[in-house]
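> what follows is a protein structure lacking sequence information:
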């Protein structure tokens, strides 16, 4: 598993509530949902390196 790096993310209250609800609806943690959203955006933009373990179409619920 790739090493993870922590960083601060500031969201307004309404955006955070929407994100938390979306995560709960999909049985993910809020952090897992943010990772999933970013991974999907990177895949769509063809920005993930070939062979990257996060490039797999595996739903990683957290």
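Nice, I can see it. Since this is a predicted model, take the numbers as computed values, not measurements.

> show me where the chain has strands.
Here the chain has no strands by DSSP state E.

> longest helix anywhere in it?
Taking DSSP state H as the criterion, the chain has its longest helix at helix 30-44.

> which helices and strands sit right next to that one?
In terms of contacts (3 or more CB pairs under 8 Å, 6 or more residues apart in numbering; DSSP states H and E), helix 30-44 is packed against helix 13-25. For the C-beta atoms, the positions are set from N, CA and C on the backbone; glycine is no exception.

> just give me the residue closest to the centre of this protein.
residue 35 (1.5 Å; CA atoms, centre = their mean).

> distance of that one from residue 27?
Per CB to CB, to the nearest Å, residue 35 is found 14 Å from residue 27.

> remind me which residues of the protein are low pLDDT?
53-62 (pLDDT under 70).

> and the longest helix of the chain, what's buried?
30, 32, 33, 35, 36, 39 (16 or more other CB atoms under 10 Å).

> now those residues as JSON lines including distance to residue 11?
Formatted as JSON lines, these follow (distance: CB to CB, whole Å):
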{"residue": "30", "distance to residue 11": "10"}
{"residue": "32", "distance to residue 11": "16"}
{"residue": "33", "distance to residue 11": "12"}
{"residue": "35", "distance to residue 11": "15"}
{"residue": "36", "distance to residue 11": "16"}
{"residue": "39", "distance to residue 11": "18"}
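
> if I look at residue 31, how far off is residue 4?
10 Å.

> what do you get for residue 36?
Going from residue 36 to residue 4 by CB to CB gives 14 Å.

> do residue 23 as well
Applying CB to CB to residue 23 and residue 4 gives a distance of 17 Å.

> what about the two, which has more around it?
Set residue 23 next to residue 4 and count neighbours by other CB atoms under 10 Å: residue 23 wins out with 20 against 7.

> this completes my enquiry, with thanks.
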